[in-house]
Structure formats: C-alpha cells, structure tokens
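# coordinates for the following, if possible.
(chains A and B)
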Number of protein chains: 2
Amino acid sequence: MAGLVNRQWLLARRPRGMVGAEDFEWAEEPVPDLSEGEVLVRNLYLSCDPTQRGWIARDTYLPAVKVGEVMRSLAAGQVVRSRGSRFVPGQLVQGMLGWQDYAVVTPQSGSSLVPLLPGVPIEASLSVLGMNGLTAYFGLLEIGRPQQGETVVVSAAAGATGSAAGQIALIKGCRVIGIAGGAEKCRYLTELGFHAAIDYKTEDVKARLRQTCPRGIDIYFDNVGGEILDAALAHLAMRGRIVLCGAIARYNDEVLAPGPSNYGQLVVQRGRMEGFIVLDYYGRAAEALPVLHGWMKEGRLKYRADVVHGLENAPAALARLFKGENQGKQLVKIADASQV
Amino acid sequence: MAGLVNRQWLLARRPRGMVGAEDFEWAEEPVPDLSEGEVLVRNLYLSCDPTQRGWIARDTYLPAVKVGEVMRSLAAGQVVRSRGSRFVPGQLVQGMLGWQDYAVVTPQSGSSLVPLLPGVPIEASLSVLGMNGLTAYFGLLEIGRPQQGETVVVSAAAGATGSAAGQIALIKGCRVIGIAGGAEKCRYLTELGFHAAIDYKTEDVKARLRQTCPRGIDIYFDNVGGEILDAALAHLAMRGRIVLCGAIARYNDEVLAPGPSNYGQLVVQRGRMEGFIVLDYYGRAAEALPVLHGWMKEGRLKYRADVVHGLENAPAALARLFKGENQGKQLVKIADASQV
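Numbering: from 1, shown residues only, chains lettered A, B, ... in the order given. Model (predicted):
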C-alpha cells in the first residue's frame, strides 16, 4: 500500500527474567500490497496477556515466536482493504494480529480472523467477550465443574480472566473468594459480589483461606502458581479440583521454580489438578459468547480495562501484568476506528 | 483367653526421617476374653505397605496411629474364637489387624474383616488379590482410563502395586514401560512382558523415557513422586493422565520436599493429575476381585512375595520398602495356619 508505514515491535532476543523493552526491537517497513485473498487490518487495540511471556520463551502449545519476527499478540482492528476475502473494509475484527500498526492476514490464517460482536465495546471484545471470558467460562465450567453451594477460590481474581471466572462462579451459586494484590483490587472484588477478598501482599493467605473457606476449597481456579497454589492445595476439600489456567508468578523465572510441595494432598483428598488451553474451545465460542454477553447485559458479568496508549508502549504494557500494576484487562490502544 | 500372650509392636513416637525399630516399642499382654459379638484372630502374615509411614506421621485419609497404640497394619489371620459373630474358628480372614499375634475384632470394626478367597495363597490375598491389586485395578482403570495402544509408564514397577498396574495395562493392550531400582527388578519386569524397563539407579530416566516413549506418556502411574514424577511430566503426551497413587520417595522427608517443577506441563499438554485412595473402592471389590483372580489363573497377572519371618522383625521389614530392598510384596510371616 503506497505510502503507508507499518511500525512493528520485533522480538530481539529470548528474554531472561522479567520481560522488558530491551527484549524487543522497533522496526518500520512499508505496508505491502495485498495478494489475492488477503486482508489488510489496521490494528486498534493490542491485548496484553501473561501467556505472551511463554510464547517468546520456548515452544509451548504454540511454536515460539522466532527472534526477528513481529511479536505475537491478540489484537482488535479494522479492515482497511480486502482482496477477494469475506471481510469488508470498515469491519471490526480480532485475531492474532501482532504488535504492529497493520497486519496482512493471508487466506491460510484467515480463519483466525473473527468479526467483533456488533454493539459491544472493543475493550469487552478483547476481554470478557474474548479470550479471557472464554478461558474463564470453559475452564471453570468444563474443568472445574462447579456445583451450587461449593466454595470456589480464584487467584489473580481482579484480572481479566480471574474476575470473569469468579463472577461466573457467583452466577452458578458458589461461594467465591478472590485473591489479589492490593487494597484497590480487593475492593473491586467486593464490589463484584465476591464473598471475600484476600490481599496476598499484606495478608497471610493460608490463614485467610482457612478462615474464609471453613469447609475447604472445592475449586481453585489458578492463574498464578507459586506459593498460593501450595496454600490452596493445603486447604483442598475432599474431591477438590484445581483448574490450572496459568502461573503468572512463574513465567519470568530463569530457572524453573519448584512445584507445589503440597501436591500430595491430591492423593489424601482424592483431588484433581487439570490444565487446559482455551484455544481448544474456540470451536465452541458460538455456544459461550451469547451466554457471556447475556450475563454482561444483565450486569452480572462486569469487566474493567486498563488502557495504555501508543504502540511504542506495548513492551511496557506487557511488563505491567507481571508487576501486577494493571487494574483489569491490560490493553494498548494504538489507533481509533475510522468512520466508514 | 487364659494363658495366651499377645506380643505387640506399639508406636513409641512419631518417626523423624527414615522409620526404624526405634520408633516402636515391644509389649506383651494377656489375650483378653471376648465380649459378645467379638472375634479373636491369630495373625499369620502382616502386610507391609508404604502408606503405613503416613499413618504414623499425621492424620491423612485415616486418623494417625496414636503413640502407645498397636501399629496399624493390614494382615491375614485365622479365626481362633468367635462369640456370636458370623465368623467361625479356623476361617482365614484379612483386615486391619495390626502388628501383633492376636487381634480382637469388635462388632463395630467387624465389617472390615474379610474372608480370604478359598484356594488362593495367603501371599496373593495380601497382594495381587488384596489391597495392591485393587489399588492397581481402580487406579489404572478409573483414574488413568487407558485406551488400547496408549503408552503407560509405571514407577516402583516391580513392587506389589506397580507390577499389578503394569500387567493390567498390558492386558488392556497398552505399551508399558516400568521404572524400578536395580537390574534384578528390571529383569523381572521384562519377564512380566513389560515393553521396556528403566533402572533409575543406573540410567538417565529422562533420556530413557524419551527413548522408550517416542509419542510421549499417555498415563503415568506414580508410586514414587520426586524426580521421576518431574521427568514423567516433562514427557507427558497431549491429554496425558498422571495417576497419583503414592510418593514413596517423599514419605520419610522431615521437611516437605518441593513438588514437581514441571507441573506446568499439565497446562501445555492439557493434562490431568489425580489422586485416589483405594479404600473408596472397597465397596466395589466384589466387582474387581473375580476379574483379577481370573487374570491370575490365566497366568497374565503374576506376583512375587518377599517374606520376612518373625513378628520381632516387622519394623525392619517395613523399612525395607523405603530402601527398595523388597522384591515384590513385602510380608512378615508370624505363624502358620492351624489345621481345622
């Protein structure tokens, strides 16, 4: 596309320890012309997700981003041009569009481009009605299998996924305890209707779990790993389930930290600890999204977005997740949608 | 019972580190007269099981044995006298009879006394057709859920539970790899038809797992915990299952050792790690025992017993388990059955 410059963040190296701007390299290149079937998307919002730290470390459930490649990221954008694809200019979409101003989506990858739900804020489409909402929905309901009256504990509970998981547990009639860092996040959990909030920065998590979960933990929805996972295992109820969603406390470790000492509680309590990847459930998004959207419209499923402005700040925005600085879904806004 | 002396091992203290004779105290007392409904059993064989180390450490799935109480143990014995119970003198039975010559079984605990299968060696009744066989059967089939052609790895594979689990996996059409300590145990696994045996004492377990499980591990039946669990996690196949049966490598730790660093593989591989306690399945023993017995008679389910003689050697026999000295089921023979 004559004249358009595509600013990009490329992966400069595999990070060691805490990820930061020095792990990425700024580049600018002309936006290429489209081939048949391709779509050009102007990125508007980048989604910051802890799992991105894994994508640049090693092959996991996706091949690792290679050094020199555009940083992989979910993002929402607007179709600028389409050459024989099913997308039309002006349309709002989301997909794995990367840390850049413009993404050229090829027919091969075209199926990963999804139209945004009409009438929904982009911030919601990238959080509670996007990957985070689907993660919470399928992780809690399919792996955790909550029963009414059960006790559900969620870590990183003020985050985009955790707050959705906790609210869905509330909707399912569970007693819900959230763990988060800091008074502001804990206040937010109380506003959402959580039965208790534990501030891991100032409180004794083990003691507070004993206090707030007198019958033990039926489901622990784990986003953090580390000591909090150990504390939850120590207080697992009979036939308790641990939904392994992530382990943000571990992603920046240079050496793999030890696992949970108390995993033996899974034997004593006949417990189950199970991991999942939300991508496996994308084929069922059409089943979950209307339900999530309905709850949102009823005011039972709320979200917050924490927006950093400017593509140049994408690495810093990602780092905020690991410092616990974000209040809700971390996004990077890089452009406004055009009127069509 | 006038004149009969009951020799007993009482718990002298909570062990610190490796369990040994110094943790028990020898006692002798007269065998009491029976009250209505009670049964007097002459113990013949004591069953040595790693889980006994947990019973004397703390409350787990059973209340801890109290200091001063007779050491808890599964055992087989012969009914000597019965006062209005359903058992008859001469009958062979098993139950939680303890480290002693004679056990008085009260009506309250009477339901835990189970007649031995007729025509079956006592050694088999206490191993492959007893707790170990049931543990292997329900743990592998209900928690592991093997499919034909899957790869199953078993640790402590030459032990009473492990060898049964591996053979049941073979019967179910799986590819089975056993991990054991020493050439003699590994040779035994090969004799049983295991597809490969890994000697953890002399071989690099991680490298050998990669070599022997080219498509990853579908089921890991874990009896040991520790580094081998970590190695198995590192090599888990997609949707792999880890059956947590026990963790003999950890039972004598004074301080709880770290858990498996690689538990995050459960997320990447959508894996499940689940614990169970065989007692939960005792109500279904009547469903499993005829199947196990049938396989035994067909020669597809073999067992070995490693018999130490004399009640006085019970503590030393238990310690053999944790040193890996036993070849097959560790038993203590304390008397011969009388002819009735």
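# just give me the neighbour total for the residue of chain A found nearest chain B.
Going by C-beta to the nearest C-beta, chain B is nearest to residue A:258 of chain A, at 3.0 Å. Yep, even glycine has a C-beta here, placed from its N, CA and C like the rest. For residue A:258, the neighbour count with other C-beta atoms under 10 Å in any protein chain shown is 15.
# contacting residues for the closest residue to it other than its chain neighbours?
Nearest residue to residue A:258, sequence neighbours excluded (C-beta to C-beta, 6 or more residues apart in numbering or on different chains): residue B:258, at 3.0 Å. The neighbourhood of residue B:258, defined by C-beta atoms under 8 Å, 6 or more residues apart in numbering or on different chains, consists of A:258-259, A:261.
# wait, which of the residues you listed is closest to residue B:57?
Closest approach to residue B:57 among the contacts of residue B:258 (C-beta to C-beta): residue A:261, at 14.8 Å.
# hmm, back to that, okay, and which of the contacts of residue B:258 map to strands?
Within the contacts of residue B:258, no residue falls in strands by DSSP state E.
# how about those in TSV, adding distance to residue B:67?
As requested, these are exported to TSV (distance: C-beta to C-beta, whole Å):
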residue	distance to residue B:67
A:258	32
A:259	33
A:261	26
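# what about residue A:184, how many neighbours?
The burial count for residue A:184: 11, using other C-beta under 10 Å.
# pretty sure it is in a helix, no?
Yes: counting by DSSP: H, G, I helix; E, B strand; the rest coil, residue A:184 falls inside a helix.
# I figured it hits residue A:325, correct?
No: with contact defined as C-beta atoms under 8 Å, residue A:184 does not reach residue A:325; the gap is 11.0 Å.
# element containing residue A:314, please.
Under the criterion of DSSP states H and E, residue A:314 resides in helix A:314-323.
# mind listing what's buried in that helix?
By neighbour count on 16 or more other C-beta atoms under 10 Å in any protein chain shown, the buried set for helix A:314-323 is A:314-315, A:317-322.
# equivalent analysis for stretch A:35-47, please.
Of all the residues in stretch A:35-47, those buried under the rule 16+ other C-beta under 10 Å are A:38-47.
# likewise stretch A:279-289?
For stretch A:279-289, burial by neighbour count (16+ other C-beta under 10 Å) applies to A:281, A:285, A:288-289.
# now stretch A:292-309
If you call a residue buried by 16+ other C-beta under 10 Å, then stretch A:292-309 has these buried ones: A:292-293, A:295-296, A:301-306, A:308.
# could you dump these to TSV with pLDDT?
Listed next are the buried residues of stretch A:292-309 as TSV, based on pLDDT from 0 to 100:
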residue	pLDDT
A:292	98
A:293	97
A:295	98
A:296	98
A:301	98
A:302	98
A:303	98
A:304	97
A:305	97
A:306	97
A:308	98
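# the residues you listed in strands, which ones?
A:305-306, A:308.
# restrict the residues you listed to those near chain B?
Among these, no residue lies close to chain B (C-beta under 8 Å from any C-beta of the partner chain).
# surely residue A:164 and residue A:304 touch.
No: counting by C-beta under 8 Å, residue A:164 sits too far from residue A:304 to count as a contact (11.0 Å).
# and the nearest residue to residue A:281 once chain neighbours are set aside, what element?
Counting by C-beta to C-beta, 6+ apart, residue A:138 is the residue found nearest to residue A:281 once chain neighbours are left out, at 4.2 Å. Per DSSP H and E, residue A:138 falls inside helix A:131-138.
# list the contacts of that helix.
A:47, A:49, A:74, A:127, A:159-162, A:164-165, A:168, A:221, A:245, A:276, A:278, A:281-282, A:284-285, A:288-289, A:291-292, A:301, A:329.
# looking at the residues you listed, which are in strands?
A:47, A:74, A:221, A:329.
# what's the local residue count around residue A:329?
Around residue A:329 there are 27 other residues, counting by other C-beta under 10 Å.
# returning to what we had before: state the distance from the residue nearest to residue A:281 to residue B:127.
For residue A:138, the distance to residue B:127 equals 43 Å [C-beta to C-beta, to the nearest Å].
# out of the two, which sits in the busier spot?
When residue A:138 and residue B:127 are compared for neighbours, residue B:127 comes out ahead with 26 against 22, by other C-beta under 10 Å.
# so what's the more buried one closest to, chain neighbours aside?
Closest to residue B:127 by C-beta to C-beta, 6+ apart is residue B:329, at 3.8 Å.
# my guess is that neighbour meets residue B:305, correct?
Yes: applying C-beta under 8 Å, one finds residue B:329 in contact with residue B:305, separated by 4.7 Å.
# any residues in contact with both of these two?
Listed as contacting both residue B:329 and residue B:305 by C-beta under 8 Å, 6+ apart are B:123, B:126-127.
# closest to chain A among these?
Taking C-beta to the nearest C-beta as the measure, chain A lies nearest residue B:127 of the shared contacts of residue B:329 and residue B:305, at 20.4 Å.
# OK, contacts around that closest one?
For residue B:127, the contacting residues are B:47, B:133, B:160, B:164, B:303, B:305, B:328-329, B:331, by C-beta under 8 Å, 6+ apart.
# distance check, the residue nearest to residue B:127 against chain A.
The spacing between residue B:329 and chain A, counted by C-beta to the nearest C-beta, to the nearest Å, is 21 Å.
# okay, that residue: pLDDT?
Residue B:329 is assigned a predicted lDDT (pLDDT) of 97.
# now do residue A:2
If you check residue A:2, the pLDDT there is 61.
# quick one on the thing from earlier: which ones among the buried residues of stretch A:35-47 map onto strands?
Per DSSP E, the subset of those in strands is A:39-47.
# for chain A, what lies in contact range of chain B?
So chain A meets chain B at A:60-61, A:225, A:230, A:244-247, A:250, A:256-277, A:280 (C-beta under 8 Å from any C-beta).
# buried subset of these?
Neighbour counting by 16+ other C-beta under 10 Å classes A:60-61, A:225, A:230, A:244-247, A:250, A:259-277 among those as buried.
# now, which of those residues lie within helices?
Counting by DSSP state H, those place A:230, A:265-268 in helices.
# of those, which pair is most distant in space?
Using C-beta to C-beta, the two most remote members of these are A:230 and A:267, lying 15.4 Å apart.
# where does pLDDT dip in chain A?
Confidence mapping of chain A against pLDDT under 70 gives the ranges A:1-2, A:110-111, A:340.
# how's it carved up into domains?
Using automatic domain parsing, the domain parsing of chain A gives A:5-123+A:304-333, A:131-280+A:290-294.
# show the end-to-end separation of the longest one, please.
This stretch, domain A:131-280+A:290-294, spans 17 Å end to end (C-alpha to C-alpha, to the nearest Å).
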